[in-house]
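attaching a predicted model along with its sequence, questions to come.
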Amino acid sequence: MNYYVDIHANLLPGLPAVGGGTLSEENAAARTADFRESNIKIAAAAPFFDPEQYSPEDFLALRDEKLKALSKVSVPMRIVKGAVLPFTYCIEHPRELKPFVLGDSEYLLIDLPNEKVSAELCEEIKRLQIVSGLFPIAADIDRLFNLWSPEDWITLRHTGMLLQISIDGIIQQENRKLSLYLLANQYAHFVATGTRSVGLPLHFTEAMRLIQRSLPAQFYRRIKNNSGMLLSNAEPASFLSV
C-alpha cells in the first residue's frame, strides 16, 4: 500500500486558504474523508496567514485551537501544524517567522507575489534565508504558470528557494507539461494538495500515478519521499542542489 505525506493541506474550517475562501465544518469533514481515500498518512494543515485580518498571535492561537479540535476527532492520519505566509510579510518580519514553520522543521511555505521575476526579488529571497535562518518553499507555484516562464522558475530555484506544485499543476492538462518538466529536472521538489477546490475531487492519488507513469522510477520515488524527508527536517542538500 502506498502512503503519502502532504506538506500543504487545506484542512482547518474557518481559516483562509491561499487565494481566498474558507472551509466550513461540513467541507472540512468531507476533505478529511478525501484524505483517507487518498492514503495520506501525514498532512501539514497550512492555512493562509493574512496580516490584515489577524495578528500573528491571534492567527497562531486560532490555528492551534482548530488543530486541537481536529485531534479530538477520529481522523485517519497524523496532522501537523503549518501555514502559508505572504512574501511581503516574510520580507518585513524575517526574524519572526519560526512559529509558522511546517511541523518541527525549519521549512516555511510562502505565497509568492503576483509579479514578474526580477533581480530585486531574487536578492530579497536570498536575504530572507540568511536573516530568518529558515528554508523557504514557494507554495502552489502552478498558480503563477501563466505569468512566469520555465526560465523564471529555474532562476528562482537558483536563489535556494524550494518549489511546491499543487494537485492542479498535475491534473490540469494546461499545467501538466511544465509541472513534470520542473519535477523531472529537480527544480521543483514537492507535490501537495494545496488549495484544491473543495468542490472538486481531491485526486491526489491520481496525480501521483500520473507522475509515476510519466517520469523514471527513481524520480517518482524521490518526489514521493521528499515531503516525508522535509517533515523529518532533512537538510536542503537532500533535495539536490541546482
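Cool, the structure landed.

can you report how many residues neighbour the residue nearest to Leu60 when sequence neighbours are not counted?
Of all residues not flanking Leu60 in the chain, Pro99 sits nearest, at 5.6 Å (C-beta to C-beta, 6 or more residues apart in numbering). Using the backbone N, CA and C atoms, a C-beta is placed for each residue, glycine as well. Per other C-beta atoms under 10 Å, the neighbour tally for Pro99 reads 13.

are we agreed that Pro99 is in a helix?
Yes - counting by DSSP: H, G, I helix; E, B strand; the rest coil, Pro99 is located in a helix.

now the least confident helix or strand in the chain by mean pLDDT, how far from the centre of its chain.
When each helix and strand of the chain is scored by mean pLDDT, DSSP states H and E, helix 25-37 comes last, with a mean of 84. When C-alpha coordinates are averaged (C-alpha atoms, centre = their mean, to the nearest Å), helix 25-37 and its chain have centres 18 Å apart.

dump it to CSV, restricted to CA.
Taking Å, rounded to 0.1, in the frame of the first residue of the first chain, the C-alpha atoms of helix 25-37 are listed here in CSV:
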residue,chain,number,x,y,z
GLU,A,25,-17.2,22.4,9.2
GLU,A,26,-19.0,20.2,6.7
ASN,A,27,-16.4,20.9,4.0
ALA,A,28,-13.6,20.1,6.4
ALA,A,29,-15.2,16.7,7.3
ALA,A,30,-15.6,15.9,3.6
ARG,A,31,-12.0,16.9,2.9
THR,A,32,-10.8,14.6,5.7
ALA,A,33,-12.7,11.7,4.1
ASP,A,34,-11.0,12.6,0.8
PHE,A,35,-7.6,12.3,2.5
ARG,A,36,-8.5,8.9,3.9
GLU,A,37,-9.4,7.7,0.3
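
what's the first helix or strand after it?
strand 40-45 (DSSP states H and E).

in that next one, what's buried?
Neighbour counts using 16 or more other C-beta atoms under 10 Å place 40, 42-45 of strand 40-45 among the buried residues.
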